[in-house]
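**Q** here is my input, please return the structure:
(2 chains)
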Amino acid sequence: MVPLHYYLVLSAILFACGVTGFLIKRNIITIFMSIELMLNAVNLSFVAFAARWHVLSGQVFVFFVMVVAAAETAVGLAIIIAVYRTRETLNVDQANLLKL
Amino acid sequence: MMPNFHLWLIPLLPLAGAVVNGLLGRNFSKRLVAFFGLFFLAASLGLVWWVAFRFWSLPQAAIPHTEVLAPWIVAGNFSAHFAFYLDQLSLVMMLVVTNVGFLIHVYSVGYMWEEGGFYRYFSYLNLFMFFMLTLVLANNYLLMFIGWEGVGLASYLLIGFFFVRDSAASAGKKAFIVNRIGDFGFLIALFLLIQHFGTLDFDKVFPAIAGQPVETAGAGLLTAIGLLLLTGACGKSAQIPLYVWLPDAMEGPTPVSSLIHAATMVTAGVYMVARSNVIFDHAPDALMAVAIVGVITALFAAIIGMAQNDIKKVLAYSTVSQLGYMFLACGVGAFSAGIFHLMTHAFFKGLLFLAAGSVIHALGGEQDMRHMGGLRKEIPWTFWTMTAATVAIAGIPFFSGFFSKDEILWKSLSSPYGSRAYWAIGVFTALLTSFYMFRLWFMTFFGEYRGSGSHGYEHAGHAHPTLASAKDVLAEIVVPAEFVSIVMSNMIERSGMVVSFEERGARTFLQASVPAANMAHYEEWLREHTNARGTWSERAPEEEGKAEVLVRPLAMQHERPGHIHESPRVMLVPMVILAILAVIGGYIGVPEALGGHNRFDHFLAPVFRTAAGALPAGTPGAGEAAAEGTAASRSETIATGVSIIMAFLGLFFAWLLYYRKRDLPDRIAAGLGWLYNTVRDKFYVDEIYQAVIVTPLVKGSALVLWRGVEVAGIDATADDSAATARSLSDKFRHMQSGNVRSYAAWVAVGAAAAIAYMIWMGVR
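**A** The predicted structure is shown next:
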């Protein structure tokens, strides 16, 4: 049986990848994918803990996360399309109207 | 079943008058303003008389009668209500206040008719009546304090009624501020009463105090309360050391001086001391302080009054002096004698001011007695009413002031609290009183007329005959050259004057004449803007120094010497009524030694008898006559004889100096030298107060409170914290780059920090 900390380390690596991608990438689509990556990293640790402690609620939580992620994808992609239509770019650095 | 007197209506009716005139009066005609001003007070007056007649049928047990209108303050065990208290003392005060007040209201209609702000005047006057009646009728000290402060407010408003005059505005402020000092003592006394007795209701606090031992051995709580109440009374009733505001209060219109600063408001202190007789009877030291303050004030003010030349100033110092007599009476435990003198004083001093107002009115604003004289024939009604009041105050036998003053002097000698010193000073003051009053009388009404039409010019220091003789010139305007434009914009345009200028040094004379077509405008302007003195002054807005724009309508000046006119009937009728009261008012309390029954004393006795139980035997008050032997009766006769001699001696000296040998006063004044100057300049009390109290306060405030605390402390703290917030936020502002990824980075850093913290805590 694979020990728990293997999963956790993998989850942490995935999460760090997600954060890094989120921060350094300029393309909105890529940033979006990074978010998904972070969510799935969390899902992995949920499942790992559920299996380790034989508690189902961890797995149930994963389903919730997936549902939320799906909803977020739907909304997010719609926003991305709207941004692209108005600004004709997917570069986040150019969407800086909030700047002082 | 207790009768319901609807006492609350008595003060509230004048308030209604004040509100109606104050809010709507601007658009009323003068007739309507006068109607409302008089109507509401007359209603109140009628109610007072109705209450007075019903009062006789009340059983003794029902007095004092209390009516609660509404709850006011209820906090824990303490409560104070809008409640009114009717007993013999408040009934007497109420009768004096409403009757004299109504007569002076009537008089004011005539006196103020030509002045601007007619409605404002009547609104203030009715407001005063409201507060004064509240003060008199209150059933607890707190409500009394409301009235107390309220009359102070009305007094302030009315002293400063001619507020364009700088001196009037500052006199109002002075009165208010000096009274504040006294009120502070009054308030502390109230706090002490609450702390130790838990109530301010008269019908609860007095029985509680009556149960306390008399503080003969040493000063204690009741002495402290008594002395603090005395401080308050000194402020309101103009006693040493707080009397300085009253002479300045003469800046107000003369009927105001009569009503507020002679007949009613200034006697509030006496009323308060008499009302608190239980406290003072239990604190002999405080009582002695009252007597000493009273007797010294009586003497001191009478001395100053002898050397004044302004007719109203003489009466003002006379008022201070007579109030001193009332304090003396209270201070020797003869409260009913004090209230008796309060009442007769309200009659004759109110009348003296009204008559003086009539003189001033007749002379077109002249107040200096050196410019009067020989008016006996010109204004006979004023002369005879003034004569009645003068003999009354001077203590000539069988006029009201004689009875009340004699009662006080006798009590100051015979009362267990009395002493020969009080009596001696009191009798000497009676001599001075008689002297300065007859001096005023001779100077005003006898000899030859000393005024002149050119009087106004003398004051300004310019003789300017060409202007005065020019036919079409109606007004002379003396104005510093730089303010000419202001005068023009303010008045000349409105009256359509034709103006020519003449420069004389730093000042410019404007010669203004009015085309016949604009005459009506000009007269209207005169009516609106000039006061009783026939002058108008206005401070220029951007003025820095003392420059005053003075406008003297020449039309009125020309009128002056030839047209000394008797006042209209609306002014004379109240004077005649008051004259009758001043003559016969004393007969309700003729002392026993003079063959009377002193009914006034017996009537008030129940109010002051509660205190009597605590006193040693021989208490002034009820049943005293029977106990006194023939020896006392004889010495009372002698004392009366002495005060009669003093009254006539004063008359004789005044006759000698101001009628017979008129050059004598100046020679005596020159002979006395600095002594006379000191008296004439009021012992420099104002200057001393200025140097000892006001200047250090102003300097200290400027240096410590303003530059130290305000600027360096409070302002600096506020400014610095604002600057710090600004510079910090300037730094943090750069976080808001608008760049989504940098926001995300901050979120990530924050999350990382939170996690790191949690891990660290978990490890520990």
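**Q** run a quick neighbour tally on B:Pro574.
**A** Using other C-beta atoms under 10 Å in any protein chain shown, B:Pro574 is surrounded by 25 other residues. (Glycine included, C-beta is placed from N, CA and C.)
**Q** what are the buried residues along stretch B:673-693?
**A** B:676, B:679, B:682, B:685 (16 or more other C-beta atoms under 10 Å in any protein chain shown).
**Q** make TSV out of these and add distance to chain A and pLDDT.
**A** Formatted as TSV, the buried residues of stretch B:673-693 follow (distance: C-beta to the nearest C-beta, whole Å; pLDDT from 0 to 100):
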residue	distance to chain A	pLDDT
B:Tyr676	81	88
B:Val679	78	88
B:Lys682	70	89
B:Val685	68	91
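**Q** redo the residues you listed as CSV? Include secondary structure.
**A** Below are the buried residues of stretch B:673-693 laid out as CSV (DSSP: H, G, I helix; E, B strand; the rest coil):
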residue, secondary structure
B:Tyr676, helix
B:Val679, helix
B:Lys682, helix
B:Val685, helix
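**Q** tell me which of these is nearest to A:Asn91?
**A** Nearest to A:Asn91 among those, counting by C-beta to C-beta, is B:Val685 at 87.6 Å.
**Q** verify the stated contact: that closest one with B:Leu242.
**A** No: counting by C-beta atoms under 8 Å, B:Val685 does not reach B:Leu242; the two are 10.8 Å apart.
**Q** how far away is B:Ile311 from chain A?
**A** 76 Å (C-beta to the nearest C-beta, to the nearest Å).
**Q** how many residues are close by that residue?
**A** 26.
**Q** from what I see, it and B:Phe445 are in contact.
**A** No: using C-beta under 8 Å, B:Ile311 is not in contact with B:Phe445; the gap is 11.3 Å.
**Q** could you point out the longest strand in chain B?
**A** strand B:65-75 (DSSP state E).
**Q** for that strand, packing partners?
**A** Secondary-structure packing of strand B:65-75 (3 or more C-beta pairs under 8 Å, 6 or more residues apart in numbering or on different chains; DSSP states H and E): strand B:78-86, helix B:141-159.
**Q** could you redo the last one with a cut-off of 6 Å?
**A** strand B:78-86 (3 or more C-beta pairs under 6 Å, 6 or more residues apart in numbering or on different chains; DSSP states H and E).
**Q** quick one: end-to-end distance for stretch B:406-424.
**A** Start-to-end span of stretch B:406-424 (C-alpha to C-alpha, to the nearest Å) is 13 Å.
**Q** now that stretch: average pLDDT?
**A** For stretch B:406-424, mean pLDDT is 90.
**Q** so who does the spatially closest residue to B:Ser108 that is not a sequence neighbour touch?
**A** Using C-beta to C-beta, 6 or more residues apart in numbering or on different chains and skipping the chain neighbours, the partner closest in space to B:Ser108 is B:Pro255 (4.3 Å). For B:Pro255, the contact set (C-beta atoms under 6 Å, 6 or more residues apart in numbering or on different chains) comprises B:104, B:107-108, B:111.
**Q** now render these as a markdown table, adding pLDDT, secondary structure and neighbour count.
**A** Below are the contacts of B:Pro255 laid out as a markdown table (pLDDT from 0 to 100; DSSP: H, G, I helix; E, B strand; the rest coil; neighbours: other C-beta atoms under 10 Å in any protein chain shown):
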| residue | pLDDT | secondary structure | neighbour count |
| --- | --- | --- | --- |
| B:Ile104 | 95 | helix | 29 |
| B:Tyr107 | 94 | helix | 30 |
| B:Ser108 | 94 | helix | 29 |
| B:Tyr111 | 91 | helix | 26 |
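**Q** in which helix or strand does the residue nearest to B:Ser108 reside?
**A** helix B:254-258 (DSSP states H and E).
**Q** what's the angle from whichever helix or strand comes after that helix to strand B:78-86?
**A** As assigned by DSSP H and E, the chain's next helix or strand after helix B:254-258 is helix B:268-275. Interaxial angle, helix B:268-275 versus strand B:78-86 (axes from the mean of the first three to the mean of the last three C-alpha atoms, to 10 degrees): 100 degrees.
**Q** what is the helix or strand following helix B:268-275 packed up against?
**A** Downstream of helix B:268-275, the next assigned helix or strand under DSSP H and E is helix B:277-281. Counting contacts by 3+ C-beta pairs under 6 Å, 6+ apart, helix B:277-281 packs against helix B:202-210, helix B:221-236, helix B:599-612.
**Q** quick one: list the elements packing against the helix or strand that comes right after the longest one.
**A** Elements were assigned by DSSP H and E; along the chain past helix B:221-236, the next helix or strand is helix B:245-248. On a contact count with 3+ C-beta pairs under 6 Å, 6+ apart, helix B:245-248 meets helix B:166-197, helix B:311-331.
**Q** out of those helices, deepest packed?
**A** helix B:311-331 (a mean of 29; mean count of other C-beta atoms under 10 Å in any protein chain shown).
**Q** which residues sit against that one?
**A** By C-beta under 6 Å, 6+ apart, helix B:311-331 touches B:237-239, B:243, B:246-247, B:250, B:262, B:270, B:273-274, B:287, B:290-291, B:293-295, B:297-298, B:301-302, B:304-305, B:308, B:337-338, B:341-342, B:345, B:349, B:352-353, B:356, B:367, B:369, B:408, B:412, B:440.
**Q** repeat for stretch B:56-76
**A** B:7-8, B:80-87, B:139.
**Q** by neighbours, which of those wins?
**A** With neighbours taken as other C-beta under 10 Å, the top of the contacts of stretch B:56-76 is B:Asn139, carrying 28 neighbours.
**Q** quick one, phi/psi of it?
**A** phi -100, psi 0 (degrees, to the nearest 10).
**Q** that one reaches B:Ala83, doesn't it?
**A** Yes: under the criterion of C-beta atoms under 6 Å, B:Asn139 is in contact with B:Ala83, at a separation of 4.2 Å.
**Q** tell me the pLDDT of the closest residue in space to A:Asn91 that isn't next to it in sequence.
**A** Nearest residue to A:Asn91 in three dimensions, chain neighbours excluded: A:Arg26, at 5.0 Å (C-beta to C-beta, 6+ apart). You'll see A:Arg26 listed with a pLDDT of 88.
**Q** what residues are up against A:Arg26?
**A** Taking C-beta under 6 Å, 6+ apart, one finds A:91-93 in contact with A:Arg26.
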